[in-house]
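**Q** With the input below, show me the fold.
(chains A and B)
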Amino acid sequence: QKEVEQNSGPLSVPEGAIASLNCTYSDRGSQSFFWYRQYSGKSPELIMSIYSNGDKEDGRFTAQLNKASQYVSLLIRDSQPSDSATYLCAVINTDKLIFGTGTRLQVFP
Amino acid sequence: EPEVTQTPSHQVTQMGQEVILRCVPISNHLYFYWYRQILGQKVEFLVSFYNNEISEKSEIFDDQFSVERPDGSNFTLKIRSTKLEDSAMYFCASSDPGTSTSTDTQYFGPGTRLTVL
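**A** As a prediction, the model looks like this:
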């Protein structure tokens, strides 16, 4: 059974701080990794994809991938209250997404 | 910006009734998916669809479920005889194998909340 693991949180950070979200996956052959944001009652919204080891930056977001450790992370710089949501890590297996349970992030003013 | 759309946003039905959930994928996308999310749980894959046939399905996707692309734009999920445990958010997603940046990025619709009484 291919799994994606995340700490469910909540992760509470003050406004302006860096939020660090982590994810591990079990399938060593995985090649494609995604971070989605999900507000309560809404659908997953793609934030970033990453395919190669190392860092990938997009605005305030940085995804980090370490395939040897089977570890993906998402850093959110200058966190804002509007970033408060559940962040879903997902891995492609054949052509389907395998999601983690998500980490709930709370950014307080 | 193109987006996946879904109707209805909320469907209430009696146990044992048939429901059809509708999706319009992004117009140039060729891969289509259904996922569901039971309240408080993770998003789960149901089925993927390509070239007018199912390419993969999960063990959740039993004989009560079917998918169809009845025309060039719609993609539907039918549940033949709903059960209480089918109550969930159902998300449609699509992806485009032809982009230069990614062949597997999936974009989600807003979802249909299905409530089975």
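**Q** got the phi/psi numbers for residue A:20?
**A** phi -120, psi 120 (degrees, to the nearest 10).
**Q** What sits closest to it if chain neighbours are left out?
**A** residue A:75 (5.5 Å; CB to CB, 6 or more residues apart in numbering or on different chains). C-beta coordinates here come from the backbone N, C-alpha and C atoms, glycine included.
**Q** so what's the one you found up against?
**A** The contact partners of residue A:75, by CB atoms under 8 Å, 6 or more residues apart in numbering or on different chains, come to A:18, A:19, A:20, A:21, A:61, A:62, A:63, A:64.
**Q** What's the separation between it and chain B?
**A** Distance, residue A:75 to chain B, by CB to the nearest CB, to the nearest Å: 20 Å.
**Q** host element of that residue?
**A** Assigned by DSSP states H and E, residue A:75 belongs to strand A:71-76.
**Q** now residue B:48
**A** Per DSSP H and E, residue B:48 falls inside strand B:44-50.
**Q** just to revisit the earlier point, now, which of the contacts of residue A:75 sits nearest chain B?
**A** The closest of the contacts of residue A:75 to chain B turns out to be residue A:63 (CB to the nearest CB; 13.2 Å).
**Q** Mean confidence (pLDDT) on stretch A:87-100, please.
**A** Across stretch A:87-100, pLDDT averages out at 93.
**Q** ugh, typo on my part, it should be stretch A:7-25
**A** 95.
**Q** Name the residues of it that are buried.
**A** Going by neighbour count (16 or more other CB atoms under 10 Å in any protein chain shown), the buried part of stretch A:7-25 is A:11, A:13, A:19, A:21, A:22, A:23, A:24, A:25.
**Q** and those as TSV, adding secondary structure?
**A** Compiled in TSV, the buried residues of stretch A:7-25 are given as follows (DSSP: H, G, I helix; E, B strand; the rest coil):
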residue	secondary structure
A:11	strand
A:13	strand
A:19	strand
A:21	strand
A:22	strand
A:23	strand
A:24	strand
A:25	strand
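**Q** Most widely separated two among the residues you listed?
**A** For the buried residues of stretch A:7-25, the farthest-apart pair by CB to CB is A:13 and A:25; their separation is 24.1 Å.
**Q** circling back to that earlier point, and for the helix or strand just after the strand holding residue A:75, what's in contact with it?
**A** Remark: after strand A:71-76, the chain's next helix or strand is strand A:85-93, criterion DSSP H and E. With CB under 8 Å, 6+ apart as the test, strand A:85-93 has contacts from A:2, A:4, A:6, A:21, A:23, A:25, A:27, A:30-40, A:44, A:47, A:72, A:74, A:97-100, A:102-105, B:42-43, B:104.
**Q** residues in chain A within reach of chain B, list them.
**A** Neighbours of chain B within chain A, by CB under 8 Å from any CB of the partner chain: A:32, A:34, A:36, A:42-46, A:49, A:51, A:88, A:90, A:92, A:94-102.
**Q** ok, residue B:115 to residue A:10 distance?
**A** Counting by CB to CB, to the nearest Å, the separation of residue B:115 from residue A:10 is 27 Å.
**Q** What of residue B:13?
**A** 34 Å.
**Q** same deal with residue A:80?
**A** From residue A:80 over to residue A:10 (counting by CB to CB), the distance is 16 Å.
**Q** Residue B:6 too?
**A** Distance of residue B:6 to residue A:10, computed by CB to CB: 29 Å.
**Q** which one is the residue most central in space within chain B nearest to, not counting chain neighbours?
**A** Nearest to the mean C-alpha position of chain B, by CA atoms, centre = their mean, lies residue B:34 at 2.8 Å. Leaving aside its sequence neighbours, residue B:34 sits nearest to residue B:46 (CB to CB, 6+ apart; 4.3 Å).
**Q** That'll do, ta.
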